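[1] no sequence on this one, just coordinates:
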């Protein structure tokens with residue numbers, strides 16, 4: 001039984017060595033630089049609507065969608081660090097995400 005296992009390992013290694021390295025790499029299509037640019041959304045000074053199930057969020061910098069149904073809070077300046085990224089997302093009471 002051990003001999004079969006060793007033989008199988010050797011055959012697998014030989015077959016793997018016969019394949020070109022590029023067969024293991026994903027193909028990447030390079031279309032060149034992007035031609036479409038997106039406008040940078042500026043934060044708005046505002047206070048989100050009260051939510052009966054949460055403490056008040058308070059007045060501050062928020063990214064808000066056009067119909068004011070989704071609010072994204074900015075972290076305090078200097079608080080970004082690797083592994084510690086936290087952003088608050090608010091969906092006011094009674095609204096649905098679609």
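    Okay, I see it. All values derive from a computational prediction rather than experimental measurement.
[2] Any stretches of the protein with poor pLDDT?
    6-9, 11-26, 34, 76-82, 84-85, 92-93, 97-98 (pLDDT under 70).
[3] rerun at 80
    For the chain, applying pLDDT under 80 flags the ranges 1-39, 51-53, 74-87, 91-98.
[4] hey, where'd the strands end up in this protein?
    Secondary structure of the chain (DSSP state E): strands located at 44-46, 60-64, 71-73, 89-90.
[5] Please report how far residue 49 lies from residue 58.
    According to Cβ to Cβ, to the nearest Å, residue 49 and residue 58 sit 12 Å apart. (Each C-beta comes from the backbone N, C-alpha and C, glycine too.)
[6] Neighbour count: these two, which is higher?
    residue 49 (15 against 8; other Cβ atoms under 10 Å).
[7] where's that one relative to residue 38, distance?
    Here residue 49 is placed at a distance of 27 Å from residue 38 (Cβ to Cβ).
[8] same deal with residue 47?
    For residue 47 relative to residue 38 (Cβ to Cβ), the value is 27 Å.
[9] And for residue 28?
    In this view, residue 28 and residue 38 are 22 Å apart by Cβ to Cβ.
[10] thinking again about what came up before, of all the strands of the chain, which one comes closest to residue 10?
    strand 89-90 (54.3 Å; Cβ to Cβ).
[11] got the contact list for that closest one?
    With contact meaning Cβ atoms under 8 Å, 6 or more residues apart in numbering, strand 89-90 is reached by 48, 51, 57, 70-73.
[12] Of those residues, just say which sits nearest to residue 91.
    When the contacts of strand 89-90 are ranked by distance to residue 91 (Cβ to Cβ), residue 70 comes first, at 6.0 Å.
[13] Find the nearest non-adjacent residue to the closest one, please.
    Closest residue in space to residue 70, ignoring its immediate chain neighbours: residue 91 at 6.0 Å, by Cβ to Cβ, 6 or more residues apart in numbering.
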